[in-house]
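Would you be able to build a 3D model of this:
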Amino acid sequence: MPIENSDLGDGIRLIKMSGKTATQSFSREFLPEIANAIKSALSDNQVKAIILTGDGKFFSAGANIDDFKKSIDEGNATELIRELTGILHPLIVRMRQSATICVAALNGASAGGGLGLALACDARIASPQAKMAASYSGMGLSPDGGTTWLLPRLVTDQVARRFFLENEIWSAHQAAQLGAIDAIVEEDELISAAQQLAKRWSSWGAHSKESIKHLLDVQSTNDFETQLKHERTLIEAAGQTAEFKEGVSAFLEKREAKFH
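Numbers count the residues shown, from 1 in each chain. Just a heads-up that it's a prediction; the model follows:
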């Protein structure tokens, strides 16, 4: 099966891109399968966190270059690109806006749109074999997949600028030092480490998680007063939730809150 789904318990779903879904992720054949698997998990109320991983040497290697060549020969390259970004871009917006925690378990290389998929997650745990590649400039393309919005927020604007204009390939250790990867673990511990992080981060209430993700995404483009208004609106809404009631009760009773 190109996409392997498994439930790990505690509301955590593992989605593994196997075979060509890892090596040719962004093709007409495989991208819809990846998107459907992720959207299905995001729509499932029983799923609190998603772990996304790849296969062998690749987390997600981006586009099928043979498809690009064929589309150039047939004169419909623009249509192909529009079709693929029309699937990928709404998907990563939904990942960013969802209360579901998304963790990328980077077993290998992520490049192009696959890099965007990794960066769109809330955290990235990597094996020592993981790599991050820009790839766009060498193909005569401009970046997509949210990479120019997501990466500067992790590594600063100038580091991201060098990454794209030098067409760099980062090792796992380089990416971790720069802030693009949260932790490096041995390959046989990768899914376990991602699962532990996913369990911790997904244990909070849905409103808290969704609000935190939203507020952090908009803070760099809001002025301070606008950000305060966002915070006020969301914390007022939180005051009406069962999660807030449970949190206060747990604090007063000196016990751990149970949000689910």
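
Just the helices from the stretch 1-150 of the chain, written as ranges.
In the stretch 1-150 of the chain, the segments counted as helices under DSSP state H, counting those that start in this stretch are 20-23, 31-43, 65-74, 77-97, 113-120, 147-155.

how about these in TSV, adding distance to Gly9, mean pLDDT and mean neighbour count?
(Glycine included, C-beta is placed from N, CA and C.) Written out in TSV, the entries for those read as follows (distance: least, CB to CB, whole Å; pLDDT from 0 to 100; neighbours: other CB atoms under 10 Å):
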stretch	distance to Gly9	mean pLDDT	mean neighbour count
helix 20-23	24	87	23
helix 31-43	15	96	18
helix 65-74	38	89	13
helix 77-97	22	95	16
helix 113-120	24	96	28
helix 147-155	29	97	19
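
Can you tell me which of those is nearest to Gln129?
Smallest distance to Gln129 across these (CB to CB): 13.1 Å, for helix 20-23.

list the helices and strands that closest one packs on?
Using 3 or more CB pairs under 8 Å, 6 or more residues apart in numbering; DSSP states H and E, the elements in contact with helix 20-23 are strand 58-60.

tell me what the strand it packs on is packed against?
Contacts of strand 58-60 with other secondary structure elements, assessed using 3+ CB pairs under 8 Å, 6+ apart, are made with helix 20-23, strand 109-111, helix 113-120.

Would you mind writing the CA trace of the lowest-mean-pLDDT helix or strand in the chain as PDB?
Least confident helix or strand, the chain: helix 20-23 with a mean of 87, by mean pLDDT, DSSP states H and E. What follows is the C-alpha trace of helix 20-23 in PDB, where atoms were taken according to Å, rounded to 0.1, in the frame of the first residue of the first chain:
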ATOM      1  CA  LYS A  20       6.700   6.100  -4.600                       C
ATOM      2  CA  THR A  21       4.500   8.200  -2.300                       C
ATOM      3  CA  ALA A  22       7.900   9.100  -0.700                       C
ATOM      4  CA  THR A  23      10.000   9.300  -3.800                       C
END
